[in-house]
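Engineer: Mind looking at a prediction? Sequence and model below.
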Amino acid sequence: MKLYISPGAPNPRRVMMFMVEKNISGIDLISVDLNAMEHKSEAYRTISPLAKVPALVLDDERVLTETRAICTWLEGQYPEPNLMGVDYEERAFIEMADRRAELYMLAGIANSVRHTHPGLAVLEQPQFPDFGHSQAQKVREVMAWFDHVLERQPWIAGQRFSIADITAFCAIEFSKLMKFNAGREGMPALQAWRDRIAERHSAKLR
């Protein structure tokens, strides 16, 4: 199998953290240079028609290109340690938390960074700074809500570490590009949670 990634991008990092947490090895890693527009090349579009990373090419040549779909496949192939729920009820609550982290936090951060950071101008043409700044404000409101959640429970989805924590952590780390720091912005529970995850082996690999 082959996994196409781009170092520094949050979605490939989500899959990489997921793999490390599950001790998955034996998958070839292939870097795609986003700044060089390699993801837009004809060759890569034959793998990922929408020019997105990550992309997992299975042994039978089928391709999975969405982060959550890739992780679902890996969870099925490598069921332990479980990161997505042991039964339908836990799976539903973990998926809810994961989707909240992805749609309301990570997506907003990505919009803010892509439209305001000069280093990403090559990837986002045209940039709309006003939109980016408005997204930064809205996503801070979401992160404040997550801070309150983490005042009541140790992990994003409840009482144990899950894929939702991976998604939220990668979002928070990407938010450094919009100069966000939970502790400095009055979100101590979110900062403490982030710091705990930063000590995990999976978080140290980029």
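Structural biologist: Looks like it arrived, so ask away.

Engineer: Excluding covalently adjacent residues, which one is nearest to H133?
Structural biologist: Setting aside the residues directly before and after it, H133 is nearest to T116 in space (C-beta to C-beta, 6 or more residues apart in numbering), at 6.4 Å. Using the backbone N, CA and C atoms, a C-beta is placed for each residue, glycine as well.

Engineer: So L3: helix, strand or coil?
Structural biologist: The local conformation at L3, judged by DSSP: H, G, I helix; E, B strand; the rest coil, is strand.

Engineer: you'd agree it is up against L56?
Structural biologist: Yes - the pair L3 and L56 passes the contact test of C-beta atoms under 8 Å, sitting 5.2 Å apart.

Engineer: any residues in contact with both of those two?
Structural biologist: Contact criterion C-beta atoms under 8 Å, 6 or more residues apart in numbering; residues shared by L3 and L56: 15, 27, 70.

Engineer: Can you report how many residues neighbour W155?
Structural biologist: Using other C-beta atoms under 10 Å, W155 has 19 neighbouring residues.

Engineer: now W73: how far from V57?
Structural biologist: From W73 across to V57, the span is 12 Å (C-beta to C-beta, to the nearest Å).

Engineer: Quick one: name whatever helix or strand follows the helix or strand of the chain with the lowest mean pLDDT.
Structural biologist: None of the helices or strands of the chain scores lower by mean pLDDT, DSSP states H and E than helix 107-116, at a mean of 89. Next along the chain after helix 107-116, taking DSSP states H and E as the criterion, comes helix 129-152.

Engineer: Show me what the following helix or strand past that following helix is in contact with.
Structural biologist: Sequence-wise, the next helix or strand downstream of helix 129-152 (DSSP H and E) is helix 163-174. Identification of contacts with helix 163-174 by C-beta under 8 Å, 6+ apart yields 10-11, 13-14, 17-18, 21, 71, 83-84, 94, 97-98, 100-102, 105-106, 109-110, 113, 143, 146, 155-157, 180, 182, 190, 193-194, 197-198, 202-203.

Engineer: Residue ranges of each domain in this structure, please.
Structural biologist: What automatic domain parsing lists as the domains of the chain is 2-77, 88-204.

Engineer: Quick check: end-to-end length of the longest one?
Structural biologist: For domain 88-204, the first and last residues are 31 Å from each other (C-alpha to C-alpha, to the nearest Å).

Engineer: Output the below-cut-off pLDDT ranges for the protein.
Structural biologist: Within the chain, the stretches with pLDDT under 70 are 121, 206.

Engineer: What does W193 show for phi and psi?
Structural biologist: Note on W193: its backbone torsions stand at phi -60, psi -50 [degrees, to the nearest 10].

Engineer: what residues are up against it?
Structural biologist: Contacts of W193 (C-beta under 8 Å, 6+ apart): 150, 154-156, 165.

Engineer: if you set the cut-off to 7 Å instead, what comes out?
Structural biologist: L150 (C-beta atoms under 7 Å, 6 or more residues apart in numbering).

Engineer: and what of H115?
Structural biologist: Shown in contact with H115 (C-beta under 7 Å, 6+ apart): 124, 127-129, 131-132.

Engineer: How far off centre is stretch 18-28?
Structural biologist: 16 Å (C-alpha atoms, centre = their mean, to the nearest Å).
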